[in-house]
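S.K.: Everything below, folded, please.
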Amino acid sequence: MTHIHQYELMVILNPEIDERQVAPNLDKFLKVITNADGSIDNVDIWGRRRLAYEIQKKTEGIYAVVNFTSTSEAAQELDRQLKLNESIMRTKVLRAEEAQAMVAAEKKRADEKAARKAAAPARASRRESAEAKA
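M.R.: Here you go, the predicted structure:
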């Protein structure tokens, strides 16, 4: 028995390809999912974005996010084929539950950081008032 899961795929494509060619290029790879009785739920092409660090001596990439439902074998085959293509700079396939957990953890970390930052001026002003009294 094979288990069907929801996945999220993040792809960074070479910025030198025409943005109009991104969807057709992705469709070729996504046939792996549909041929394995999976389904493509959503394809969201973010477009050209600046990279956090250089990849293959490039500072920009074309981002795309694909949500799909398939077996783990089909998801692994999709990832393998994407990594073999020269126009694909990076890929990341996550199970949807993992992606949601990562987003929740990042939000919690950001909230805690904001709380510490907000508390810092209050501690400093208490310290200053204590020093002024002394």
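S.K.: CA atoms only for the helix or strand containing Asp41, dumped as CSV, please.
M.R.: Asp41 belongs to strand 39-55 when assigned by DSSP states H and E. Below are the C-alpha coordinates for strand 39-55, written out as CSV (Å, rounded to 0.1, in the frame of the first residue of the first chain):
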residue,chain,number,x,y,z
SER,A,39,-2.2,15.8,-8.5
ILE,A,40,-0.8,19.3,-8.9
ASP,A,41,-2.8,21.5,-6.5
ASN,A,42,-1.2,24.9,-7.1
VAL,A,43,1.7,26.4,-9.0
ASP,A,44,2.8,29.8,-7.8
ILE,A,45,5.5,31.5,-9.8
TRP,A,46,7.0,34.3,-7.7
GLY,A,47,9.3,35.6,-10.4
ARG,A,48,12.8,37.0,-10.2
ARG,A,49,14.1,37.6,-6.7
ARG,A,50,17.4,38.5,-5.2
LEU,A,51,19.2,35.5,-3.6
ALA,A,52,20.4,35.7,0.0
TYR,A,53,23.8,34.4,-1.2
GLU,A,54,25.3,33.6,-4.6
ILE,A,55,24.4,30.3,-6.2
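S.K.: Partner strands of that strand, with direction?
M.R.: Pairing partners of strand 39-55, with direction, according to DSSP bridges: strand 58-71 (antiparallel).
S.K.: Quick one: work out the angle between whatever helix or strand comes next after the strand it pairs with and strand 58-71.
M.R.: Reading on from strand 58-71 to the C-terminus, the next helix or strand found by DSSP H and E is helix 72-84. If you take axes from the mean of the first three to the mean of the last three Cα atoms, to 10 degrees, helix 72-84 sits at 160 degrees to strand 58-71.
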